[in-house]
Every structure is written in C-alpha cells, then in structure tokens.
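Engineer: Kindly generate the corresponding structure for this input.
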Amino acid sequence: MATLLKGKAVVDSLNNDLIKEVDYLKKLGIIPTLGILRVGERPDDISYERGALKRCELIGVEVRVIALPEDVSEQEFFDTLEGLNKDSNIHGILMFRPLPKHIDGEKARTMLLASKDVDGCTDLSLAGVFTNTNLGFPPCTAEAAMAILKYYNISVSGKKVAVIGRSLVIGRPVAMMLMHENATVTICHTKTTDVPSITRDADIVVVASGQMESIGKEFVKEGQIIIDVGIGWNEQKGKLCGDVCFEEVEDIVDAITPVPGGVGGVTTSILVKHVVEAAKNITNN
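Structural biologist: I've put the predicted structure just below:
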C-alpha cells in the first residue's frame, strides 16, 4: 500500500514559518495584505476565496475583497484593477479567472503588476519561472507540488519525471521548476502517443490532466511517486476525486498525494506565502 503524501503536514510547516514572518513584518509596521478581485459569484471562485480568507486569518494576513457584479463594465473593472496596482497597502492581488466574456482577460492579465501577481498568471511571473529568477511569483499549484516533494525529502535530481498536462497553471511551470532541480522531464498532453509507456518509465509522475480519474493502473509501476493535482466531484461515487484512479494505483506505487487532502491545501498556503514575500520585498527596496 502506498505511502500517503498528505498535505496537512506541509501546510502546518509552511504556516508556522509564515506566522513568524508576519509577526516580524508587523513589528516593522508592515501589514501583509491580499486584495481579492472577483467578478460574479462562480461557486469555485467562492470556494477558493473562502479557503484563502481562512488561511490568511490564521497566518495574520489582511484581506480586502473587491466583488464586482457579473455585468460590471469593462472600464470599471480595469479602473478597479489599476487602483489595486497603485494601492501601496495591497501587497498581493488574486484576480479570479476566467473573467466574463465582455472583459478582455488577456489585457487584464497584462495589466496586473507582476510584483503583486501572487497567483503567477502574468507573462513576467511565468518568465521568472522559466528563467529561474525572481520575477513575480510562480503559479501556486505548481509551487505546491514542489513543496510537497521537498517536505517529504523526495529528491528529483537525476530522476525521470513525467508531467501529464501542459497548461500554464501547472503543467509547463512545474516542468520548468523540476528541471531547475535537475530532473529529466517529459511533458505529456492530448497529442502525445502512448502516454502509459512514458509514465511507466518515469520515477515521478505529476498528473494535471484535467480529466477526473483518467490515470489508471496501466499508467504506473512499482516504486513510483505520484503527485495528483486534479480535483473534481464524482457524482457516481459521491466524493471528491483526483485525476488519478486512486483505488487502482494505491497498491502499486510507492507514494501518492491523496485527493482531497493533498495538493489543494498546500496551494492555499503558497498563495499566502507569496503575499508575505511581496510584503517582505518592500523592506528590501
């Protein structure tokens, strides 16, 4: 039976460090503050926002939520975003996407200051990931996957890693982050032929396919480490499930992140970590 790479231990470790850093910043007169910019009432946005609020409260980070109506004008949205960019009391901005169709999402992504882009969606933040430099912040989910590997002392140096998925949210950035740690990475996607043969040859598999329980026993082998990034509600089973069919692979692989209880909670702590880092950057300027 596989060892469960539970996120709670990682979260607790991150939170303990962040609480100390926030206390230090507050002694300097700096109150780390997250601005959440949300348009409409999408359930997944509300759920993530609720988790972020709780985590920020625990760590001592202030939050300002700007909730705009679904039919907000494009100009009002951009004015609001620009106001957050200019507000020196806001250190990080979480801009929920996708935006409604009448708002130019690409323009919004470009307008967001990389120095406040705590969710890692701007071009400059992504450039920082690819060049391994401190430009903006990495996407939170990608960094969460790396944080789990680090916490459990799973070295990726010299290892073969298969990443399933090529999105800018997880697939491509986590591949770059793994290569910076000297892993040999293969990215698999919808046009990749014979994905199971590639994943079975890997030491570590990061699964971000976006397809619930799409990765079964034919994709894995004994001794592997599986990082399952996906999460979705399985109506037939009446529970949350990942992109990996947990029941099929648990008895084969060496270790796996559970869903729920794996990457998701760590992602929220990484978001707050980025806010704290953005506030710390003020003291370094």
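
Engineer: Please, where are all the helices along the stretch 151-285 of the chain?
Structural biologist: 171-180, 195-200, 246-249, 263-283 (DSSP state H, counting those that start in this stretch).

Engineer: Quick check, pLDDT for the closest residue to M212 other than its chain neighbours.
Structural biologist: Nearest residue to M212, sequence neighbours excluded (CB to CB, 6 or more residues apart in numbering): G232, at 4.2 Å. (Each C-beta comes from the backbone N, C-alpha and C, glycine too.) With respect to pLDDT, G232 scores 89.

Engineer: To what extent is G232 buried, counted in neighbours?
Structural biologist: Per other CB atoms under 10 Å, the neighbour tally for G232 reads 14.

Engineer: Including mean pLDDT, could the helices of the stretch 151-285 of the chain go into TSV?
Structural biologist: Compiled in TSV, the helices of the stretch 151-285 of the chain are given as follows (pLDDT from 0 to 100):
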stretch	mean pLDDT
helix 171-180	98
helix 195-200	98
helix 246-249	96
helix 263-283	95
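
Engineer: Let me have the ones you listed in CSV, adding distance to Y151 and mean neighbour count as columns.
Structural biologist: CSV is the format used below for those (distance: least, CB to CB, whole Å; neighbours: other CB atoms under 10 Å):
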stretch, distance to Y151, mean neighbour count
helix 171-180, 15, 22
helix 195-200, 23, 17
helix 246-249, 20, 17
helix 263-283, 9, 23
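
Engineer: which helices and strands sit right next to the host helix or strand of T141?
Structural biologist: Assigned by DSSP states H and E, T141 belongs to helix 140-151. Under the contact definition 3 or more CB pairs under 8 Å, 6 or more residues apart in numbering; DSSP states H and E, helix 140-151 sits against helix 7-27, helix 171-180, strand 225-228, helix 263-283.

Engineer: The same query, at a cut-off of 10 Å, please.
Structural biologist: helix 7-27, strand 160-164, helix 171-180, strand 204-207, strand 225-228, helix 263-283 (3 or more CB pairs under 10 Å, 6 or more residues apart in numbering; DSSP states H and E).

Engineer: Same list (those) but as a markdown table, adding distance to V63.
Structural biologist: Shown next, in a markdown table, are those (distance: least, CB to CB, whole Å):
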| stretch | distance to V63 |
| --- | --- |
| helix 7-27 | 13 |
| strand 160-164 | 32 |
| helix 171-180 | 25 |
| strand 204-207 | 30 |
| strand 225-228 | 29 |
| helix 263-283 | 9 |
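
Engineer: Looking at those, spot the one closest to I198.
Structural biologist: strand 160-164 (5.4 Å; CB to CB).

Engineer: Could you tell me which residues make contact with the spatially closest residue to V275 that is not a sequence neighbour?
Structural biologist: Spatially, and ignoring its direct neighbours in sequence, V275 is nearest to G92 (3.8 Å; CB to CB, 6+ apart). Listed by CB atoms under 10 Å, 6 or more residues apart in numbering, the contact set of G92 reads 32-36, 61, 63, 84, 113, 115-119, 137, 271-279.
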